[in-house]
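Using only what follows, build the 3D model:
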Amino acid sequence: MAWLLVIVAGLLETGFAVCLKLSHGFSRLWPTVAFCIFALGSFGLLTLSLRKLDVGPAYAVWTGIGAAGTAIYGMIFLGDIVSTLKLVSISLVIVGVIGLQLSGSAN
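You can find the predicted model right below:
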């Protein structure tokens, strides 16, 4: 259950990173509100998961999901440049996240 919280928190991290860009320096109301909701949800779920998980693997999985998710979202929806190196790098992040999850605490 704790790992599920980390995964959802990582997806919410993607949401707050995207909303941060869309807020244009917190000058647009609704993306700023969405940023706050996603950020609070993400940090809240991560905090709950850390009651049962080791901080290193949990934090690495959280940031890995957020980073990979944000990069993928940017390439699909925001016109970010797509390159072979970027796709391979995102794949390596995902493989690393899976490896850390599998090697983390048994909870």
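
Dump stretch 62-72 to PDB, restricted to CA.
These are the backbone C-alpha positions of stretch 62-72, laid out as PDB (Å, rounded to 0.1, in the frame of the first residue of the first chain):
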ATOM      1  CA  TRP A  62       8.800   9.700  -6.400                       C
ATOM      2  CA  THR A  63      11.200  12.000  -8.200                       C
ATOM      3  CA  GLY A  64      11.800   9.400 -11.000                       C
ATOM      4  CA  ILE A  65       8.100   9.100 -11.700                       C
ATOM      5  CA  GLY A  66       7.600  12.800 -11.600                       C
ATOM      6  CA  ALA A  67      10.600  13.500 -13.800                       C
ATOM      7  CA  ALA A  68       9.700  10.900 -16.400                       C
ATOM      8  CA  GLY A  69       6.000  11.800 -16.300                       C
ATOM      9  CA  THR A  70       6.800  15.500 -16.800                       C
ATOM     10  CA  ALA A  71       9.200  14.800 -19.700                       C
ATOM     11  CA  ILE A  72       6.700  12.500 -21.400                       C
END
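
which residues touch it?
Stretch 62-72 is contacted from outside by 6-7, 9-11, 13-14, 17-18, 42, 46, 80, 86, 90, 93-94, 96-97, 100, using CB atoms under 8 Å, 6 or more residues apart in numbering. (Glycine included, C-beta is placed from N, CA and C.)

Quick check: buried residues in that stretch?
62, 64-72 (16 or more other CB atoms under 10 Å).

and if you look at stretch 8-23?
Quick answer for stretch 8-23 (16+ other CB under 10 Å): 8-20, 23.

same deal with stretch 88-98?
Residues 90, 93-94, 97 are the ones in stretch 88-98 that count as buried (16+ other CB under 10 Å).

Next up, the contacts around Thr14.
Neighbouring residues of Thr14 by CB under 8 Å, 6+ apart: 65-66, 69-70, 73.
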